[in-house]
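In: Task: produce atomic coordinates for the following.
(one chain, ligands or ions: 2)
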Amino acid sequence: MIIPKTAEEIELMRESALIVSKTLGMLAAEVKPGVTSLHLDKLAEEFIRDHDAIPGFLGLYDFPNTLCMSPNAQVVHGIPNDTPYEEGDIISIDCGAIKNGFYGDHAYTFAVGEIAPEVEQLLKVTKESLYVGIAQFKKGNRTGDVGYAIQQHCEQHGYGVVRELVGHGLGRTMHEDPEMPNYGRRGRGKKFVEGMTVAIEPMINLGTHRIEQLKDGWTILTRDRKPSAHFEHNVALVDGKPELLSTFGYIYQALDIESDEETPFRAEALVL
Ligand code: MG
Ligand code: MG
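Out: Residues are numbered from 1 along each chain as shown. Ligands and ions are numbered 1, 2, ... in the order given. A predicted model of the protein is given here:
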């Protein structure tokens, strides 16, 4: 059952989402060769608690850490460890936070120094597909419209769209209805309703869409061991249109990147 939020609840969800956005912005400055994901995990936990919030993943379904950190061929749900990053790695960081009883949950894939051009392209196209999907999260549409748009955008580049893991509704629990697959058919699936809040999160592989899970019971990785990218935003349906609750703006400030990608979906009131 989809749980629409009131305007007040959406503002609370924005607060939770922005704590995650700021956490990812803080981490952006720290991702470099020699750093370990366990170190970043510690920084993130402190940062979230300093903002009077609770790490959203820690202990959820018994996950052991604050961040899911998935390098290179890992798709999602990687567990932080003490392996130092190397130049040319990519690292997908997924972060959750709870404040006022509501979850924020979003993700960004970072480059560690210079990366191969084909991997750079994978990151670019995956992030584009996130916005292509968000644009379809509007009145009259259904989950299949978002999934179709993401799938088309990525498959035309020959990439694999992960099937087994999907976006989701978000609210007082981390996973609410509806499921938001990154593939689908136009006009199919659950119909969107005003006030609903979702996490849209393409997980896109350079090669095959097929995945495996490590024996740790968490880590998902590509079957062909080629790299995978993951970008996630939290979005509310307001006045029939998609409105971002999260932002990558803090990441771009930290990395000195100019971007207007969020402009069509950003709430007017948001000042970084
Ligand atoms: Mg996430
Ligand atoms: Mg999510």
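In: all helices for the stretch 101-250 of the chain, in order.
Out: For the stretch 101-250 of the chain, applying DSSP state H, counting those that start in this stretch gives helices covering 117-134, 143-155, 249-255.
In: Counting by contacts, list what the shortest one packs against.
Out: By that I understand helix 249-255. Using 3 or more CB pairs under 8 Å, 6 or more residues apart in numbering; DSSP states H and E, the elements in contact with helix 249-255 are helix 7-28. C-beta here means a position set from N, CA and C on the backbone, and glycine is covered the same way.
In: wait, does the helix it packs on make contact with ligand 1?
Out: No: applying CB under 5 Å from the ion, one finds helix 7-28 separated from ligand 1 by no less than 8.7 Å.
In: Who are the packing partners of that helix?
Out: So helix 7-28, by 3+ CB pairs under 8 Å, 6+ apart, packs with helix 37-50, strand 90-99, strand 102-111, strand 233-238, helix 249-255.
In: Just the buried residues of it, please?
Out: Across helix 7-28, burial judged by 16 or more other CB atoms under 10 Å covers 9-28.
In: same check, this time on stretch 132-149
Out: For stretch 132-149, by 16+ other CB under 10 Å, it's 132-137, 141-149.
In: Greatest separation within those residues: which pair is it?
Out: Maximum pairwise distance among the buried residues of stretch 132-149 (CB to CB): 15.9 Å, between 132 and 142.
In: circling back: got a markdown table for the helices of the stretch 101-250 of the chain, with mean pLDDT and distance to ligand 1 too?
Out: Shown next, in a markdown table, are the helices of the stretch 101-250 of the chain (pLDDT from 0 to 100; distance: least, CB to the ion, whole Å):
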| stretch | mean pLDDT | distance to ligand 1 |
| --- | --- | --- |
| helix 117-134 | 98 | 12 |
| helix 143-155 | 98 | 15 |
| helix 249-255 | 98 | 15 |
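In: out of these, nearest to ligand 2?
Out: helix 117-134 (12.0 Å; CB to the ion).
In: The residue nearest the centre of the chain and residue 34: what is the separation?
Out: In the chain, the centroid-proximal residue (CA atoms, centre = their mean) is residue 232; its distance is 2.1 Å. Separation of residue 232 from residue 34 (CB to CB, to the nearest Å): 27 Å.
In: Can you get me a residue count around the nearest residue to residue 113 once chain neighbours are set aside?
Out: Among residues not flanking residue 113 along the chain, residue 87 sits closest, at 4.0 Å (CB to CB, 6 or more residues apart in numbering). With neighbours defined by other CB atoms under 10 Å, the count for residue 87 comes to 12.
In: can you pull the pLDDT of residue 87?
Out: For residue 87, the model assigns a pLDDT of 98.
In: separation between it and residue 107?
Out: Separation of residue 87 from residue 107 (CB to CB) stands at 22 Å.
In: circling back: and the helices of the stretch 101-250 of the chain, which is most packed in?
Out: Comparing the helices of the stretch 101-250 of the chain by mean neighbour count (mean count of other CB atoms under 10 Å), helix 143-155 comes out on top with a mean of 23.
In: roughly how far out does it sit from the chain middle?
Out: What separates the centre of helix 143-155 from the centre of its chain is 16 Å, taken as CA atoms, centre = their mean, to the nearest Å.
In: Which neighbouring elements make contact with that helix?
Out: Checking 3+ CB pairs under 8 Å, 6+ apart, helix 143-155 ends up next to helix 117-134, strand 160-161, strand 176-180.
In: switch to 6 Å and redo it
Out: helix 117-134 (3 or more CB pairs under 6 Å, 6 or more residues apart in numbering; DSSP states H and E).
In: what packs against the helix it packs on?
Out: Looks like helix 117-134 contacts helix 143-155, strand 228-230 (3+ CB pairs under 6 Å, 6+ apart).
In: Quick check: which of the ones you listed is nearest to residue 103?
Out: strand 228-230 (17.4 Å).
In: thinking again about what came up before, take the helices and strands packed on helix 117-134 and write them to JSON lines, including distance to residue 192.
Out: Compiled in JSON lines, the helices and strands packed on helix 117-134 are given as follows (distance: least, CB to CB, whole Å):
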{"stretch": "helix 143-155", "distance to residue 192": "8"}
{"stretch": "strand 228-230", "distance to residue 192": "23"}
